[in-house]
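Asker: predicted coordinates and the sequence they were generated for:
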Amino acid sequence: MVLGSVGSVRELLSVYLKGFFMGSADTIPGVSGGTIALITGIYERLIAALTAVDPATLRDLARPHDPDARRAVWDQLVRMDLPFLLTLGTGMLTAIVTLAHALETAVQQYPGPAYAFFFGLIGASAVVLYDQVDVTTPRRFGVAVVGVVLAAAVTGEASAGVSHALPVLLAAGAIAVCAMILPGVSGSFLLILLGQYEYMLGALNNFTGALAALVGDGSLGAVVDATPPVFVFVAGALVGVLTLARVIDWALSNYRAATLTFLVSLMVGGLRLPVERVLAAVSADAVTIVVAAVAGGALVFAVDSLTDDLDYA
């Protein structure tokens, strides 16, 4: 592999579109960007690139005058498959920014159908993933119970007062990014679990809106005010790639069944929030709620049918 291995316009466009599909999936709770990476044939390459990132390279960046340091940085960039990561990341970012406004509008103005749709997505994802694990053994069943109880305890209306302080957003970014290496687990679902999903949609929309206004006659101060939560969340995602992603990769390699059992159980317990939001939407039409939930579940089962013969290990 060479640093310019993703170089032709056709290759770059292909990787960009795959990133766009991954970003679209990870923006919607219950749909996994990791699954899209698997479908599009880039999952193994993505994992290899992410796990090749070495924090020690930061020390070499501080010594540009040293030939050995420059050589070490170049070798690291080659291992990271940098053009691939940058192109894929640009596609993901485009999708997230594009969909954030629509999703924020949906959860604020049509909470009943929106969270019914999320319920269908998350519930169907749990069904699909539970089919891959055996929870009949006492130990595995205990892991499942802990996951369900833990998620149910920290989500729902009980999490409405959760903090959006910058350290919390840093941790949320680190945890959510791990969904990239977990086919079937959604980054947005993890944000729901942490009580940060709606807040980060609003923060991202405020930031992109301030940037757009700045091109016209907007104020630089508005951009400065909107930057901290987005910047800290992204920084957390980078920390997650360097730390938590490696931990989860190790856990999947050594305790795959138990790890998947716990993660899927978190999804089941996390269903508390969409259920409460749907029940709170007293003005929502029951038929619309049912249709939205069925549509969400059908989408996940359709994606699963496309990946039925693919290896998630």
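Answerer: That came through, no problem.
Asker: now stretch 253-273: average pLDDT?
Answerer: Across stretch 253-273, the average pLDDT comes to 83.
Asker: which residues are in contact with that stretch?
Answerer: For stretch 253-273, contacts defined as C-beta atoms under 8 Å, 6 or more residues apart in numbering pick out 115, 119, 122-123, 125-126, 129-130, 132-135, 139-140, 143-153, 155-157, 159, 182, 184-185, 189, 192-193, 248, 251-252, 313. Where you see a C-beta, it was placed from the backbone N, CA and C, and this is true even at glycine.
Asker: show me just the buried residues among those residues.
Answerer: Listed as buried from the contacts of stretch 253-273 are 115, 119, 122-123, 125-126, 129-130, 133, 135, 140, 143-144, 147-148, 150-152, 155-156, 159, 182, 184-185, 189, 192-193, 248, 252; burial here means 16 or more other C-beta atoms under 10 Å.
Asker: span of stretch 19-38 from start to end?
Answerer: With C-alpha to C-alpha, to the nearest Å applied, stretch 19-38 spans 12 Å between its terminal residues.
Asker: report the distance from it to the chain centre.
Answerer: Centroid separation for stretch 19-38 versus its chain: 7 Å, with C-alpha atoms, centre = their mean, to the nearest Å.
Asker: which parts of that stretch are buried?
Answerer: Neighbour-count burial for stretch 19-38 [16+ other C-beta under 10 Å]: 19-38.
Asker: among the residues you listed, which ones are in strands?
Answerer: Members of the buried residues of stretch 19-38 lying in strands (criterion: DSSP state E): none.
Asker: which of the residues you listed fall within helices?
Answerer: Per DSSP state H, helices hold the following members of the buried residues of stretch 19-38: 19-27, 33-38.
Asker: biggest separation within the residues you listed, which pair?
Answerer: Farthest pair in these (C-beta to C-beta) is 27 and 38. Separation: 17.8 Å.
Asker: what's the burial count for residue 138?
Answerer: When neighbours are defined as other C-beta atoms under 10 Å, residue 138 has 8 of them.
Asker: state the distance from it to residue 126.
Answerer: According to C-beta to C-beta, to the nearest Å, residue 138 and residue 126 sit 21 Å apart.
Asker: again with residue 135
Answerer: Residue 135 is 12 Å from residue 126, by C-beta to C-beta.
Asker: what's the answer for residue 144, then?
Answerer: Computed as C-beta to C-beta, the residue 144 to residue 126 distance reads 11 Å.
Asker: before we move on, what about residue 246?
Answerer: Counting by C-beta to C-beta, the gap from residue 246 to residue 126 is 25 Å.
Asker: same question, residue 211
Answerer: According to C-beta to C-beta, residue 211 stands 37 Å off from residue 126.
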